[in-house]
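Trainee: Give the three-dimensional model of this entry:
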Amino acid sequence: MDNIGVFENFEDGQSFPCGQIVTDLSKEGYQLLKENRVNEALDRFKKILEIDMENNYALVGMGDSCRKQGAHRDAVAYYERCLDYHPGNNYALFGLADCYKVLNQYPMAIKVWKEYLKHDERNITVLTRIADAYRKLRDFKNSKEEYERVLEMEAHNPYAIIGLGHLHYDFKEYRDALYFWEKMLETRNMACVDIRVLTSIGNCHRKLKTFDDGIAYFDAALQREPTNFYALFGLGDCFRGLNQPHRALEYWNRILQQDPRNKVILTRAGDAYCNMHDFDKATEYYNRALSIEFDLYGALGLASIARQEGRVDDAIDSLVKLVQCEPKNHRPYLDMAECYLLKNNREQAIEILKAFQRTGIRNAAVQELLENITTPEF
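Mentor: Okay, the predicted model is just below:
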């Protein structure tokens with residue numbers, strides 16, 4: 001806004017200094033943006049650009065307005081135009097990087113954030129966003145380095161600590177993830193910590209199969225938010241892991257009250273009823289899942305019921321079809337081998353398991369059963 005000239009109001013013949021008009025329009029535009037009156041803000045910024053096409057406040061304002069409307073590609077164009085005229089403009093760099101992040105263009109976002117750091121190298125917000133972007137790119141080394149750089153500046157920064165938890169979790173390093181997420185409890189109790197930290201700690205325990213420990217965290221999350229999906233799912237899965245299907249059912253059914261067409265939960269509930277030998281209820285839930293669309297686990301469940309009810313040939317017929325649909329999934333082969341063993345047909349069971357191995361996929365459960373049934377003492 002260095003171009004101070006004269007703006008002619010042709011309707012009444014008066015002349016006004018351009019600088020003052022631009023300043024007023026800019027203030028109005030940003031105030032309207034704060035009030036979420038985006039279209040009115042856009043109108044003000046466009047008027048500025050009619051006076052001064054290179055105005056940095058207006059170009060950033062246009063970018064911010066487009067970003068608020070979800071038009072991120074349009075926002076990119078305005079931020080880049082601003083940077084063409086005003087290299088190093090912090091607001092344009094910040095907005096541009098955030099747009100690239102939303103567009104999942106993480107390498108571009110990192111590049112722009114690093115440009116921003118040339119002007120403000122200790123900006124913790126930008127450093128954590130760079131670390132998050134590297135995590136999205138599954139670049140463990142660089143992500144970890146950036147999070148640790150933040151912690152060197154601010155030892156208890158929650159975003160860096162939580163980010164390190166997610167990073168280790170993504171790479172299946174569940175004990176390390178647990179270490180970082182539990183650090184969040186060192187300075188606050190369960191009632192104060194973010195509910196997502198509680199469910200994340202619970203999920204680590206699920207993965208580590210320390211189900212009893214996980215229950216406490218999921219339960220704490222559920223006390224604060226009784227309909228939280230992750231807490232309900234975590235509790236259901238922990239009780240499933242503890243072989244307490246009746247307890248798991250409580251949480252599967254609470255999820256289904258909110259989302260009755262959730263196929264995953266319908267089959268989990270079916271499995272619970274099946275484990276309780278309530279085959280009528282199990283069949284109902286598996287069929288509900290299959291009525292939505294084909295579901296492998298629903299079909300496997302029905303085949304399992306047929307096998308347990310002594311209808312072994314029916315189970316085999318169903319499993320043959322599943323192998324045709326899912327030739328690289330080990331479960332139908334395993335279940336079919338079990339059916340042939342029930343019919344005392346060990347040779348056919350061996351052939352089914354070898355057929356899976358010929359797909360080139362290695363599976364420990366298939367290998368173990370094959371070794372067991374090919375030993376002389378079997």
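Trainee: Next, give phi and psi for His119.
Mentor: For His119, the backbone dihedrals (degrees, to the nearest 10) come out as phi -100, psi -20.
Trainee: do you know how far it is from Asn89?
Mentor: Distance of His119 to Asn89, computed by Cβ to Cβ, to the nearest Å: 9 Å. C-betas here are computed from N, CA, C, even on glycine.
Trainee: and these two? which has more neighbours close in?
Mentor: Ranked by neighbour count (other Cβ atoms under 10 Å), His119 and Asn89 place Asn89 first, with 20 against 11.
Trainee: give me the number of residues near Thr267?
Mentor: Using other Cβ under 10 Å, Thr267 is surrounded by 25 other residues.
Trainee: so how far is Tyr286 from it?
Mentor: Shown here: Thr267 relative to Tyr286, a distance of 7 Å by Cβ to Cβ.
Trainee: Off-centre distance for stretch 247-263?
Mentor: Taking Cα atoms, centre = their mean, to the nearest Å, the mean C-alpha location of stretch 247-263 is offset from the chain mean by 21 Å.
Trainee: List the buried residues for that stretch?
Mentor: Of the residues in stretch 247-263, Arg247, Ala248, Leu249, Tyr251, Trp252, Arg254, Ile255, Leu256, Asn262, Lys263 count as buried by neighbour count, 16 or more other Cβ atoms under 10 Å.
Trainee: tell me, what's touching Thr267 and Tyr286 both at once?
Mentor: Between them, Thr267 and Tyr286 have Gly298, Gly301 as joint contacts when contacts are counted by Cβ atoms under 8 Å, 6 or more residues apart in numbering.
Trainee: Any regions of the protein where pLDDT drops low?
Mentor: Within the chain, the segments meeting pLDDT under 70 span 1-18, 188-191, 376-378.
Trainee: Which strands and helices lie in contact with the longest helix seen in it?
Mentor: In terms of residue count, the longest helix belonging to the chain (DSSP state H) is helix 18-34. With contacts defined as 3 or more Cβ pairs under 8 Å, 6 or more residues apart in numbering; DSSP states H and E, helix 18-34 has these neighbours: strand 6-9, helix 38-51, helix 56-68.
Trainee: Throw these into a markdown table and include distance to Ala133, thanks.
Mentor: A markdown table is the format used below for the helices and strands packed on helix 18-34 (distance: least, Cβ to Cβ, whole Å):
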| stretch | distance to Ala133 |
| --- | --- |
| strand 6-9 | 43 |
| helix 38-51 | 27 |
| helix 56-68 | 17 |
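Trainee: ranking those by burial, who's on top?
Mentor: Between the helices and strands packed on helix 18-34, helix 56-68 has the highest mean count of neighbours, a mean of 24, where neighbours are mean count of other Cβ atoms under 10 Å.
Trainee: Show me the contact partners of it.
Mentor: Residues beyond helix 56-68 that count as contacts (Cβ under 8 Å, 6+ apart) turn out to be 1, 22, 25-26, 29-30, 33, 36, 38, 41-42, 44-46, 48-49, 52, 72, 74-76, 78-79, 81-82, 85-86, 89, 91-92, 95-96, 98-99.
Trainee: who does whatever helix or strand comes next after it touch, helix- and strand-wise?
Mentor: With elements assigned by DSSP states H and E, the helix or strand that comes after helix 56-68 is helix 72-85. Contacts defined by 3+ Cβ pairs under 8 Å, 6+ apart place helix 72-85 against helix 56-68, helix 90-102.
Trainee: between the ones you listed, which one is nearest to Thr125?
Mentor: Ranking the helices and strands packed on helix 72-85 by their distance to Thr125 (criterion: Cβ to Cβ) puts helix 90-102 first, at 8.8 Å.
Trainee: which of the residues in the closest one are buried?
Mentor: Of the residues in helix 90-102, those with enough neighbours to count as buried (16+ other Cβ under 10 Å) are Tyr91, Ala92, Leu93, Phe94, Gly95, Leu96, Ala97, Asp98, Cys99, Tyr100, Lys101.
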